[in-house]
Structure formats: structure tokens, C-alpha cells
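In: give me a model of this one.
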Amino acid sequence: MERYFAVRKYTEFICEPLVLEDYVVQPVEDVSPPKWHLAHTTWFFEEMVLSKYLKDYRRFHPRYSFLFNSYYESIGDRVQRPDRGNLSRPTVDEIHEYRAYVDENMIRLFSDLPSEAESIIELGMNHEQQHQELLYTDIKFILGNNPLYPIYHVDFHETPEPESDHGFVEIAAGQYQIGNSGEAFCYDHEQPVHTVYLDHYSIRKSLVTNGEYLEFVRDRGYDRYDLWHSDGWSWIKEQDIKLPMYWVQVQDAWYRYALSGLEKLNPAEPVTHISHYEAAAFAEWKGMRLPTEVEWEAAAPLLAWGLRWEYTNSAFLPYPGYKRPEGAIGEYNAKFMINTMVLRGGSIVTPAGHSRATYRNFFYPHQQWQFNGIRLCSR
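Out: Numbers count the residues shown, from 1 in each chain. This next block holds a predicted model:
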């Protein structure tokens, strides 16, 4: 129970620097309003736990299941994702009342907890931690696309200490165990453990820096079709993408928007907020490549990671022998095993204790708004 409340309180802590007007904004479909995150993470415990395991539980509001279901078709209809920012009601105060109501009922459940509810509660806490990371990235998008470049928090450091060792680690050819044994919490798509054979490769100890990426920009990397996948080339031309998200050029000076405000671009910090398309084009420009996800996992014990989610050259697909869970929980990951790419590691906004070497994050190849970065492999 103590961990449950620590997770729940941290979500609200993230929102403390916000003003009321920030809670409802949805600039693009990928970004959900902070108010929606507060409600949806609460809905998960109400829908998946309390309604099933707490006797005589009465829902806080009969329509909240419709308002705050994210994508679970097996549960029912929902507000479509692009319309989340249209929900001026319920108010922020009412959402906090909803959170308190669900938490009070969770206390009742914890007093006589059915064993079959424990794994769902564990999933719910990890689900909320995922949304804490999304809260940070969505808040940054909301504020970073405001011409005033408002500060989220002046003391928020997106790179506490830049990396200095840019050498490569040699990984010997051989068989490697990939995947999570399940002895501690993991998501279903991290299993089962399986053996892969890898040829010898070398992988960089550090992430690609802003300074290195600026060289790519200055070398007209966004104008050279030979560096890009066909879909990536179409995307940058159709969307007029010429820089990483949040980069700003003022005359000859380069800046980037951070959660601490508009800052001069630090060339030593790892580049972030780029798409998989951009990562792959940069790697091509360097005469290198992105690692596969199994190469990344095999090398992870020899690397420092956690500053940025790191792109791999692997599609998000099930491992050999994967079994999709039944019901709504089966929708949690399995339905996204198409057209998305795997990222590994974690980022500066990943909650403490929520990252591990086997974690498989996944996003569509055009998405830039996460705290992501590039680690290179030799060819």
C-alpha cells in the first residue's frame, strides 16, 4: 500500500508547477492534457481493480469510464484521442476528487486484498509510472510550443552531467540470453527469455551529442535524400522538418527549449526529441548504424544508460513463444506490435525504479516528443 500511494502522489507532484490553464491544452493528437492523465490513471484502478474486486463498489461517476478509457476496445466506447482537449468538464478539482475517492476505496481493498488482484495492482502502478513520463513529455510539448517559452521549473536539469567517453565497446560473437525471467515485475512483451546468436559488433559508450547533430544539420543532412528512408524523406518534406523538436536558431546562435526554459544549445549534451527517421539518417551520415534491440540488451551491462530512450533498428514484434494475455490486459501491448520501433533504456523523466535492461519501449517512427536519443554501432 505504501508504494501505491508513493506512485499516486508523484503524479500529482509532477503537476504542481502547472497553472490551471495548462491542464486542458491538447496541441496535437499525440499529446494528452495533464488533466486527462490524472483521470485516466485513476480510471485504470477503478475499472481494472475496484469494479472487479471490491464488494459493493460504487463508481465515482457513471460516465467516467467513457471519458477516460484510453484504447481498450474490450471495455467499451470512449472519447476519441484527438478530442481529449475538448473536455473542459469535469474540472481539475473534480478530477482530484475522483483521485481521492478511488484512493480511499483502494485502502478498503488493501485491508482484505484478494491474491488475484495483486498482479493487476502492480500493473496499474507501472501503468501510472508510464503516464508520469508521458506527463513530463506532454507538458514540455504544451509549454514548448507556446511562443513565450514558459518555464516549467527553473531547477529541472534534463542532463545532470554530460557524458565524456565517446569510445566504443567491443561485443564478442556468441549466444546471448534476451528477455526477462519474470522474477520481478515486467511487461508481457519482455518475455519469454530466449537465446540469440550475435556476430561481433562494437557499440558506442555514449549517446550522440547536440554538437555532433548540429554538424549533420550544417552539412545539409535534411536536404540529402540519400541518407533517408523513403517514408522518412516523405515525412520531413511534408511536415517541413529541418531540426530536432525544440531547437531554435536566432541569427547565428542556437537555442533549445527545455523544461527549465529557453537555453543556449549545449553541444556536450545528448541530442533529444528526434524521430526514428532522423536517428537513422544521422547514423547513415556517420557511416554507422543503429543497434538492434538484442544488440543493445546484450551490451547493456557494459554501458551507461538512462539519459534518453535509445532508438534501435528493431520493429516492435513479439518474442518467439510470446502468449498474449486474455481480455483487456492483452490489449495493453500486443495491439501495438505493428508499425512501431523499439527504444531501450530509459530517460531523465523515467520514474525511479521503472527502467531495466529488458524494457521494450515503442513509438511510431515519426514521433519526436519523447526524451529520446541515438547510440551508434559500427557497421
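
In: name the residue most distant from the centre of this protein?
Out: Asp56 (36.0 Å; CA atoms, centre = their mean).

In: next one: that residue from Gly179, what distance?
Out: Distance of Asp56 to Gly179, given as CB to CB, to the nearest Å: 41 Å. (Glycine included, C-beta is placed from N, CA and C.)

In: cool, and Ala298?
Out: Distance from Ala298 to Gly179, counting by CB to CB: 12 Å.

In: show me where the stretch 101-250 of the chain has its helices.
Out: 115-144, 210-218, 230-238 (DSSP state H, counting those that start in this stretch).

In: so which of these is the most packed in?
Out: When the helices of the stretch 101-250 of the chain are scored by mean count of other CB atoms under 10 Å, the highest mean neighbour count falls to helix 115-144 (a mean of 19).

In: now do that one, average pLDDT.
Out: Across helix 115-144, pLDDT averages out at 97.

In: packing partners of that helix?
Out: Where contact means 3 or more CB pairs under 8 Å, 6 or more residues apart in numbering; DSSP states H and E, helix 115-144 is packed against helix 2-15, helix 34-45, helix 51-53, strand 253-258.

In: in CSV: these, plus mean pLDDT, distance to Arg108 and mean neighbour count.
Out: Output for the helices and strands packed on helix 115-144, formatted as CSV (pLDDT from 0 to 100; distance: least, CB to CB, whole Å; neighbours: other CB atoms under 10 Å):
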stretch, mean pLDDT, distance to Arg108, mean neighbour count
helix 2-15, 98, 13, 15
helix 34-45, 98, 12, 24
helix 51-53, 97, 10, 14
strand 253-258, 98, 42, 18
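
In: how about those, which one is nearest Leu134?
Out: Leu134 lies closest, by CB to CB, to one member of the helices and strands packed on helix 115-144: helix 34-45, at 6.5 Å.

In: kindly export that closest one (C-alpha atoms) in PDB.
Out: The C-alpha trace of helix 34-45 is given here as PDB (Å, rounded to 0.1, in the frame of the first residue of the first chain):
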ATOM      1  CA  PRO A  34      -2.400  16.800 -18.000                       C
ATOM      2  CA  LYS A  35      -6.000  16.700 -16.600                       C
ATOM      3  CA  TRP A  36      -6.700  13.600 -18.700                       C
ATOM      4  CA  HIS A  37      -3.500  11.800 -17.400                       C
ATOM      5  CA  LEU A  38      -4.700  12.400 -13.800                       C
ATOM      6  CA  ALA A  39      -8.100  11.000 -14.600                       C
ATOM      7  CA  HIS A  40      -7.000   8.100 -16.800                       C
ATOM      8  CA  THR A  41      -4.500   6.700 -14.300                       C
ATOM      9  CA  THR A  42      -7.300   6.800 -11.800                       C
ATOM     10  CA  TRP A  43      -9.700   5.100 -14.200                       C
ATOM     11  CA  PHE A  44      -7.300   2.200 -14.500                       C
ATOM     12  CA  PHE A  45      -7.600   1.300 -10.800                       C
END
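
In: helices or strands up against it?
Out: Applying 3+ CB pairs under 8 Å, 6+ apart, we find helix 34-45 packed against helix 2-15, helix 64-68, helix 92-110, helix 115-144.

In: what angle do the longest one and helix 34-45 make?
Out: Going back to what we said before, that points to helix 115-144. If you take axes from the mean of the first three to the mean of the last three CA atoms, to 10 degrees, helix 115-144 sits at 170 degrees to helix 34-45.

In: now helix 115-144 against helix 2-15, angle please.
Out: Using the same axes, to 10 degrees, helix 115-144 lies at 10 degrees relative to helix 2-15.

In: rewinding a little: wait, which of the helices of the stretch 101-250 of the chain is closest to Leu302?
Out: Leu302 lies closest to helix 210-218 among the helices of the stretch 101-250 of the chain, at 21.4 Å (CB to CB).

In: show me what the closest one is packed against.
Out: Counting contacts by 3+ CB pairs under 8 Å, 6+ apart, helix 210-218 packs against helix 276-285.

In: for the record, mean pLDDT for the helix it packs on?
Out: Mean predicted confidence for helix 276-285 is 98.

In: just put the helices of the stretch 101-250 of the chain in CSV and tack on distance to His96.
Out: Shown next, in CSV, are the helices of the stretch 101-250 of the chain (distance: least, CB to CB, whole Å):
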stretch, distance to His96
helix 115-144, 15
helix 210-218, 38
helix 230-238, 39
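
In: among those helices, which is nearest Leu343?
Out: Across the helices of the stretch 101-250 of the chain, closest to Leu343 is helix 115-144 (CB to CB), at 11.8 Å.
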